[in-house]
Every structure is written in C-alpha cells, then in structure tokens.
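A.B. asks: Sequence first, predicted model second:
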Amino acid sequence: MAYPDYCLAAVEKPGRYIGNEINIARKNVEDIDIRFAFCFPDVYEIGMSHMGLQIMYALLNERADTYCERSFAPWTDMEIILRQKNIPLLALETGDPLSLFDFIGFTLQYELCYTNVLNMLDLAGIPLFSSQRDEKAPIICAGGSCAVNPEPMADFIDFFYIGDGEACINDILDIYKANKFNHGTKREFLRNIRNVPGIYVPVLFDDSQDGSSKKTEKAFVSDLDSSYFPKSYITPLIETVQDRVSVEVFRGCIRGCRFCQAGYIYRPVRERSLETLIKQADDLIKTTGQEEISMLSLSASDYIHCNELITALTQKLSPIHVNVSLPSLRIDKVSLELMSKAGEIRKSGLTFAPEAGSQRMRDIINKGITEEEILRGIRQAFESGRNRIKLYFMIGLPYETEEDILAIPALAERVLDQFFSIPKDKRPKNGANISISVSCFVPKPFTPFQWVGQDTLETFRAKQNLIKRNLNRKIRFSYHDAEQSIIEAALARGDRKSGQAIYNAWKNGARFDGWSEKFSYIRWVESFTQTEIDFYAHRERTSDEVLPWDHIDVGVSKRFLIKEYNQAKSAQITPNCRESCGGCGIEGCIYA
C-alpha cells in the first residue's frame, strides 16, 4: 500500500489511499522512461467518477515507455497526519513520492479546486511557483474545462493542455522523451511543444523572441469512433459519487444555451456510432463488474440513435441485471417508451433542467423549450411509474426580474398539479416526490454571457428567500451557496493577478473550497483584498474589452458570441445546430 498502516488507521476513509484496485496498471519502474502522475484535486470518490481520468490513465499506460499513476487530494484528516509525520504525497500505484515523477498533471474541472492544486504540490514538496522550480522538479501541467482561462493558475503551471486530452498527449510525451535523451533543458522542452495544438506555455507567451504570443488553438478529436477508449476502467474498492461505468455517446452539444460553457468549448458535435457504443459498453461491464452503465454527454437524448441504443443495451444487459441510466435528458425529447426502457431494471428518479421559470427567461438563455413541453414530459414521467422528479433552475441570469423569480415556484406548483391530474389508479402509488434545486448564475469565459456582471451576495439571497416564501411546502427546495458562486465567478473571469489571491487563500488555510463545510467566504474576501484586485465577478464588461482569455481559441468566434449576447437582450431564440447553422465559426462541424 502507498501509505503506512498507522496513517490509514487514523483517517475516516482509508479506502481513499490504499490503491490496488481491479484493473490498475502494474509496471516495473526500472523499465520506464516517462513517469506521469495524474492528479485529481479533490477526494478519491469524486476523482474516480471522472471519465477523463479513466481514459487518460489507460491511454498513457498503453505506452510501453510510460507509467501513469494516480494521486488525489488528501482529506483534511490525512493532510494533518502527512504534515505531522513529514510524509510526502504519494502515488497510489507504487507508493513513490510525486517529486520523483517526470510529469504531474492536474485536471481542472471546477475553479474551487485551485487551492487543492497548490496544497497537493506543497504536500509533495514541490515549489508552488513555476519560477521557483529547478530542472530536477517535475513538469507541472494542467488540462480540463477550466484550462480555457489558464491565467489565474498561470504562475503555478508549466504548460496547459487545452482541448481533448486524447488528441495530442502522445505527441507531447514523444517530444519530452527525445528532449530527455538529448539532455535538453525544461525550457527547451517547453519551446518544442508550444506549436502542438492545445498547448499554452505561460512563461513563453510574452516572450517575443519565441514568437509565442499567438493564439492557442484547442486540440480536438475529429472522429470519436476512431479515438482511443479503454476496454476497462479501474474499479474502485469503495463507493464513489458516480458508482457506475459510463460510455460517452457524443461530445459537444447541438444546443446553444447562452450560460453553458461546456456547450461552446466542446464544439463541434461528434457522435459515436451505435455499434461502437454497444461494444464499449459490453467491454466495460465484462471487465468491471459494475451493475449500472450511464450514457454520458451534455444531453444524451439528443443522440441521433438514442432509442436504438437504449433498446439494444437493455436487451443485452437486462438478463444480467445491469441498469441503464440516462443522466441528462431534455424534457422535449423524452418519450414514454424511452423512459420505460431506461428504467427497465431499476426505476429511478428523473432530473430535468428547465433552468428558468418563465418563458421570457428561457428565451433569453436560449433554452429552446416551452412550458407545454415541460409539463407534457413530466406527465409522461409520472405515467411511466416514476414519482421522483427533480428540477434544476438558475437565478441571477441576465435581465431577470422579480416576476421571473416568482415563475420558478409557480412552475413547480404546476408540475405537482400534473401528478394529481392523472387518474388515481394510474398514477404512482407512493405519491409525488418533487424537488427543485436552484443554483446561482456564474458568468463563464467563451459564452455569450462572459461580459455580464454577476449578482451581488445580497441580491442572490433575496431571490432565494423569495422562492422559499412562495413555494408549495410539498415541494422540497435546495439551493447553492451564493458565496461559493461569487468566488467561482471571480476565479473563472480572473487574470494572472488572481494567482496571488489563490496563493493567499491557500496560505490562509483554504482547502476543498467546493465543499460547503470547508469553504470560507471571508477568507477569500481577505485574500482578494490583500492582492488589491477586485473580484472580477460583478463588473459588467464591454464587448470591445480585451479579456484575460482572448489569447485562447476554442473555435467559436467572438463575433458569434457577441451576436448571441445581443440576441439575448431582445429574448431572441437561436435554433439548435441540427435545425439551422448559427455560424459560430467552429471548424469540422457536421451541421455547418
């Protein structure tokens, strides 16, 4: 095991730190040229639910010259022990310190994990700032959705990988290996990779001698069918937050929800064939022993062959009691037949995201769904035997009024009415179990709302209370911490000066900021104050302003985002990509 027994005996969940799971890679380190530590800056249960980790882990370990190992952010009980006993952060596979690796690669999935990145580096005994690391230190890299604005973390990361991980990671390792055998320096390696698609090297960006001030274009896989996908996943020994295996039915999204960063940065839409998905699902079930498989995408029901896929998988997996789940459904695409197929083994609740209560707000955000479609879809869910419905909404959206806020509890009430409108002998026997969850809008880079100022803390709380006062008591209500959303926005729209605020917050004890019990709003306010920069969250920006992420090119043109921003002001809908090409500028789109 990676860590001594006395460490494991003293922590709440020792299974996070044991390793030795089914399907892990085992290699002789003496035969390896490149050691890569894939680091997830959150706890094991969250990291092991991330499909990107599984793909990159298997892909890198397919190389005979490379050994990819894993490390996760230790929970606070484990951190205390590591610091008291002077034990460095270790890799789960070999138990070796991270400082011995060639690469330490972080995936940045959400902004509130940034302080965990610093904490993991510090626990590993590695200087936090790239300027302080010598030739013996590992190369620190980062990817993931947050990497599209790399500037807040630029002082800590040697290079960022922007885009699909499978596309160019082997090119990078090939360049590193050649540089290593030629006794090249770290600086020479960074110069050599700067022309690889998706690579952004912060220390070279302003170096005119290197000619590196050009835009960094994201790397992307054009054909998912021919792209790498593992035949097996690591099977965790403890329960994870998504305790199932997943296959990715398609990447990208045909929708253009104006608040959704993923819908823009993962364009163009690329689908896997029906045959490929069935084969991948079969491989994963055989090699992992999991009892549930999920169809992963931004909107699974938008997959062209969705009905055929669910039919094929349920016929194949029902006899062995494996459940098929669809985590992301659009209400307008849900059919009674599809819902009954997806829940054939084990009926579960359904989650829908109207996002807004009023039609005006749904048009502003380009949700492309009507109240009639919402109520019809939910009625079908009740008629199919499901009684648990969860609805996701968002507050603080641009141009929102009090009427739009009150429309949220009003719509939830009409959802409840749908249940009671069904004849008693045909509705679910256990009664209606309806809940709504309300998050706070966070303006994100590369969306039409990237210029919008976020609501203040007081405004968010007033809107949450307004919903609570007007909501039927039979409907459960939960809402996101507005304080966390404000810090998320401040980091999402930050520039390189934000790095000092992140460092200050970490020094002052910030850990696991995505966990409400660990988050301290006051600590972050003080950290930004010490840095003498504003929050970057509340200020509205003009469309001609140079943004901190303008040197990154995700493929969608700024002209298109400005057009969508203006369309939102007048509540004009833009059709989805299949209906009509909106001219977003993305290359390789099958709908262009």
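C.D. replies: Cool, the structure landed.
A.B. asks: Contacts only, for Pro202.
C.D. replies: Residues counted as contacts of Pro202 (Cβ atoms under 8 Å, 6 or more residues apart in numbering) are Ser130, Pro150, Glu151, Ala154, Asp155, Ile157, Asp158, Phe159, Phe160, Arg496. All C-beta spots, glycine's among them, are computed from the backbone N, C-alpha and C.
A.B. asks: ok, of these, which one's closest to Asp283?
C.D. replies: Nearest to Asp283 among the contacts of Pro202: Phe160, at 31.7 Å, using Cβ to Cβ.
A.B. asks: Run through the residues that contact that closest one.
C.D. replies: Shown in contact with Phe160 (Cβ under 8 Å, 6+ apart): Cys141, Ala142, Gly143, Ala147, Pro150, Ala154, Ile199, Tyr200, Val201, Pro202, Thr216.
A.B. asks: Ok, Met48 next?
C.D. replies: Residues in contact with Met48, defined by Cβ under 8 Å, 6+ apart, are Ile234, Pro236, Thr240.
A.B. asks: quick one: low-confidence ranges for the stretch 151-300 of the chain?
C.D. replies: Counting by pLDDT under 70, the ranges of the stretch 151-300 of the chain that qualify are 206-213.
A.B. asks: Tell me where it has strands.
C.D. replies: Along the stretch 151-300 of the chain, the stretches classed as strands by DSSP state E, counting those that start in this stretch are 159-161, 199-200, 216-217, 245-248, 250-251, 270-271, 292-296.
A.B. asks: mind giving me JSON lines with those and columns for distance to Pro88?
C.D. replies: Shown next, in JSON lines, are the strands of the stretch 151-300 of the chain (distance: least, Cβ to Cβ, whole Å):
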{"stretch": "strand 159-161", "distance to Pro88": "23"}
{"stretch": "strand 199-200", "distance to Pro88": "28"}
{"stretch": "strand 216-217", "distance to Pro88": "33"}
{"stretch": "strand 245-248", "distance to Pro88": "32"}
{"stretch": "strand 250-251", "distance to Pro88": "36"}
{"stretch": "strand 270-271", "distance to Pro88": "40"}
{"stretch": "strand 292-296", "distance to Pro88": "34"}
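A.B. asks: and Gly15, which of these is closest to it?
C.D. replies: So among the strands of the stretch 151-300 of the chain, strand 245-248 is nearest, using Cβ to Cβ, at 18.8 Å.
A.B. asks: Remind me what the closest one packs against, helices and strands.
C.D. replies: Where contact means 3 or more Cβ pairs under 8 Å, 6 or more residues apart in numbering; DSSP states H and E, strand 245-248 is packed against helix 274-288, strand 292-296.
A.B. asks: So which of these has the densest surroundings on average?
C.D. replies: Mean neighbour count, computed with mean count of other Cβ atoms under 10 Å, is highest for strand 292-296 among the helices and strands packed on strand 245-248, reaching a mean of 22.
A.B. asks: how much does it deviate in direction from helix 274-288?
C.D. replies: Here strand 292-296 points in a direction 140 degrees away from that of helix 274-288 (axes from the mean of the first three to the mean of the last three Cα atoms, to 10 degrees).
A.B. asks: List the neighbouring strands of strand 292-296 plus their orientation.
C.D. replies: Strand 292-296 pairs in its sheet with strand 245-248 (parallel), strand 323-325 (parallel), by DSSP bridges.
A.B. asks: I'd like those laid out as CSV, including mean neighbour count.
C.D. replies: Output for these, formatted as CSV (neighbours: other Cβ atoms under 10 Å):
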stretch, mean neighbour count
strand 245-248, 23
strand 323-325, 21
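A.B. asks: Let's have these in JSON lines, adding distance to Asp102.
C.D. replies: Output for the strands paired with strand 292-296, formatted as JSON lines (distance: least, Cβ to Cβ, whole Å):
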{"stretch": "strand 245-248", "distance to Asp102": "28"}
{"stretch": "strand 323-325", "distance to Asp102": "38"}
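A.B. asks: looking at these, which is closest to Arg414?
C.D. replies: Among the strands paired with strand 292-296, the nearest to Arg414 by Cβ to Cβ is strand 323-325 (26.7 Å).
A.B. asks: Pull up the gap between Ile172 and Cys39, please.
C.D. replies: From Ile172 across to Cys39, the span is 16 Å (Cβ to Cβ, to the nearest Å).
A.B. asks: what's the answer for Leu204, then?
C.D. replies: Distance, Leu204 to Cys39, using Cβ to Cβ: 23 Å.
A.B. asks: Between the two, which has more neighbouring residues?
C.D. replies: Comparing Leu204 with Cys39 by neighbour count (other Cβ atoms under 10 Å), the higher total belongs to Cys39, at 29 against 19.
A.B. asks: pretty sure the more buried one contacts Leu98?
C.D. replies: Yes. Shown here, Cys39 and Leu98 form a contact pair, counting by Cβ atoms under 8 Å, at 7.5 Å.
A.B. asks: will you turn the helices and strands packed on strand 245-248 into JSON lines that also has distance to Asp404?
C.D. replies: Output for these, formatted as JSON lines (distance: least, Cβ to Cβ, whole Å):
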{"stretch": "helix 274-288", "distance to Asp404": "39"}
{"stretch": "strand 292-296", "distance to Asp404": "31"}
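A.B. asks: now for the ones you listed, which one comes closest to Val442?
C.D. replies: Closest to Val442 of those, according to Cβ to Cβ: strand 292-296, at 22.4 Å.
A.B. asks: what's next to that closest one, contact-wise?
C.D. replies: With contact meaning Cβ under 8 Å, 6+ apart, strand 292-296 is reached by 51, 242-249, 281, 284-285, 303, 306, 309-310, 313, 317, 322-327, 346.
A.B. asks: if we go to 6 Å?
C.D. replies: Here strand 292-296 makes contact (Cβ atoms under 6 Å, 6 or more residues apart in numbering) with Arg244, Val245, Ser246, Glu248, Val249, Ala281, Asn323, Val324, Ser325, Leu326, Pro327.
A.B. asks: Of those, which is the nearest to Glu45?
C.D. replies: With Cβ to Cβ as the yardstick, the closest approach to Glu45 among the contacts of strand 292-296 comes from Arg244, at 13.0 Å.
A.B. asks: nearest residue to the residue nearest to the spatial centre of the chain other than its sequence neighbours?
C.D. replies: Residue closest to the average C-alpha location in the chain (Cα atoms, centre = their mean): Gln109, at 4.4 Å. Spatial nearest neighbour of Gln109, excluding adjacent residues (Cβ to Cβ, 6 or more residues apart in numbering): Gly144 at 5.1 Å.
A.B. asks: Next: Phe103.
C.D. replies: Spatially, and ignoring its direct neighbours in sequence, Phe103 is nearest to Phe36 (4.5 Å; Cβ to Cβ, 6+ apart).
A.B. asks: list the contacts for that neighbour?
C.D. replies: Shown in contact with Phe36 (Cβ under 6 Å, 6+ apart): Leu60, Cys68, Phe103.
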